[in-house]
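Novice: need a 3D model of the following:
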Amino acid sequence: MRFVAIKGDRFDGHDFVDTALGNGAVAALVSEGRSAGPGRIVVADALGGLRDLAIAARARSRAFIVGVTGSVGKTTTKEALRVVFEAAGATHASIKSFNNHWGVPLMLARLPQEAQFGVFEMGMNAPDEIRPLSKLVRPHVAVITNIAPAHLEKLGSLEAIAAAKAEIFEGLEPGGTAVLNADHPQIQLLLDAAQAAGVGKVVTYGFSRGVDWQIVDPQTAAEQSFATVLHEGQSHALALGVSGRHMLANATAALAVASIAGIEPAVALKALAGFGAQPGRGQRTLLGPADTPLLLIDESYNANTASMTAALEVFGSIAPSGKKVLVLGDMRELGDEADRLHASLAGAVQSSGATSVHLVGSHVAALAESLPAGLVASRSQGVEQAIDTIIADLAYGDAVMIKGSNGVGLARVVSAVTARFKDS
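Specialist: Numbers count the residues shown, from 1 in each chain. Sure thing, here's the model as predicted:
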């Protein structure tokens, strides 16, 4: 294990060098003048040194490399690709959501020389952030999963978001391929950006007619999804162990990329059949007695209107023996549109069949005002004030879905519910 002393917004890694070395790190990469003593590798800047390691790892690699970005679905698509690639060969993929200016070089620096496939997630919340990441990763395939109203606070419009996501094209290897979800109004902007960047080939997917990989006859149940995927005159039966049209789209992206990588569709489809939701992104847990468990759906990691609507649609397919409880937190970084976009979720909330709704944050006040008064069980500014009320509203046999932006801290609600109900 090695330790890189990166200075972040809240913590400085140089403050933890001694602890890391004491816990077994064989060496620490530190910035000049910031930490002295044995076990240190001193460079001008630790983050710059990490980037140099990433560049070296990429230069020696002969792996098929994929970069993934998008407003929603990028982590799930990255995980779907990981599952598919692991069925075909040695695979290295970003862990969790390590997708920023230090997470991407860290994951790339750890790329094993023997890896046959590599998958890297790239995120942003402002312009000019994905470009350097893509140029570092140099993917053979660049995937853009969707364009949705996330990061409006800094970007201002969906068109600006699309332009920022399109920066991923600038790092594509010569002759590389762009794989684009076409189910959004900004698709033409992405197509134009790909052409301007000299992208060798563009492949589209989604539910829209005329795309290269078209999803037809989608069916979703409480814990499964099925569809037929049409491509070049052939049909492929896609089955997933997770519910939702958005999950079918993410899996179809993986199917398309697998084909570009030379993996047989049968191999990819078999791997995807075992694919499930990730923690914080729709993972389901049954808590308590087997005959009347509490169903906990953990969607606590991120939220924008697209992911909220998709999750509420899935929640609508659930029919527990008890109540259907929603815990919804603020969607962050929506700027001046925040209140309007929160209020716009009222129809989806009511269509989900929720019997009570707990709201956490400030902007969800606009949603509360758009819902029937009897449906809103509680409203809190922060998580700590909400936990006891939420737990008191739950019982075995109920279903509860918890969703909001990560910064709201709803993962603490997930932990509290799990601790209270895990034992029968």
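
Novice: could you chop the chain up by domain?
Specialist: Using automatic domain parsing, the domain parsing of the chain gives 2-43, 49-273, 283-421.

Novice: three-state assignment of A271?
Specialist: Here A271 takes the helix state, with states given by DSSP: H, G, I helix; E, B strand; the rest coil.

Novice: touching, it and E86? I think so.
Specialist: Yes. Between A271 and E86 there is a contact at 7.3 Å, judged by Cβ atoms under 8 Å. From N, CA and C alone the C-beta is placed, and that goes for glycine too.

Novice: more neighbours: those two, which one.
Specialist: The neighbour comparison of A271 against E86 (other Cβ atoms under 10 Å) goes to A271, with 23 against 15.

Novice: how far is the helix or strand harbouring V414 from where the chain is centred?
Specialist: For V414, the enclosing helix or strand under DSSP states H and E is helix 411-421. The chain centroid and the centroid of helix 411-421 are separated by 21 Å under Cα atoms, centre = their mean, to the nearest Å.

Novice: with stretch 149-162 instead?
Specialist: Centre-to-centre, stretch 149-162 and its host chain are 17 Å apart (Cα atoms, centre = their mean).

Novice: then stretch 104-122?
Specialist: Computed by Cα atoms, centre = their mean, the separation of stretch 104-122 from the middle of its chain amounts to 17 Å.

Novice: equivalent analysis for stretch 346-361, please.
Specialist: In terms of Cα atoms, centre = their mean, the gap separating the centre of stretch 346-361 from the centre of its chain is 23 Å.

Novice: make 33 the starting number, not 1.
Specialist: Understood, numbering begins at 33; the last thing we discussed is stretch 378-393.

Novice: so how far is the first residue of that stretch from its last?
Specialist: Distances were taken as Cα to Cα, to the nearest Å; on that basis the terminal residues of stretch 378-393 are 16 Å apart.

Novice: now do that stretch, average pLDDT.
Specialist: Predicted confidence along stretch 378-393 averages 96 (mean pLDDT).

Novice: which secondary structure element of this structure has the lowest mean pLDDT?
Specialist: Taking mean pLDDT, DSSP states H and E as the measure, the helices and strands of the chain show their lowest mean at helix 184-187, namely a mean of 80.

Novice: give me the buried positions along that helix.
Specialist: Judged by neighbour count (16 or more other Cβ atoms under 10 Å), helix 184-187 contains these buried residues: 184, 187.

Novice: what residues does that helix touch?
Specialist: Helix 184-187 is touched from outside by 157-159, 193, 196, 365-369, with contacts defined as Cβ atoms under 8 Å, 6 or more residues apart in numbering.

Novice: C-alpha coordinates for that helix, CSV please?
Specialist: C-alpha atoms of helix 184-187 as CSV (Å, rounded to 0.1, in the frame of the first residue of the first chain):
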residue,chain,number,x,y,z
LEU,A,184,-27.1,24.0,-13.2
GLU,A,185,-25.7,26.3,-10.5
LYS,A,186,-22.4,26.6,-12.2
LEU,A,187,-23.3,25.7,-15.8
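
Novice: what distance separates stretch 310-325 from the middle of the whole chain?
Specialist: What separates the centre of stretch 310-325 from the centre of its chain is 20 Å, taken as Cα atoms, centre = their mean.

Novice: in the stretch 283-432 of the chain, which spans are strands?
Specialist: With DSSP state E, counting those that start in this stretch, the ranges of strands along the stretch 283-432 of the chain come out as 315-319, 326-331, 356-361, 388-392, 408-412, 431-435.

Novice: let me have these in JSON lines, adding distance to Q145 as columns.
Specialist: Rendered in JSON lines, the data for the strands of the stretch 283-432 of the chain read as follows (distance: least, Cβ to Cβ, whole Å):
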{"stretch": "strand 315-319", "distance to Q145": "33"}
{"stretch": "strand 326-331", "distance to Q145": "36"}
{"stretch": "strand 356-361", "distance to Q145": "42"}
{"stretch": "strand 388-392", "distance to Q145": "46"}
{"stretch": "strand 408-412", "distance to Q145": "50"}
{"stretch": "strand 431-435", "distance to Q145": "40"}
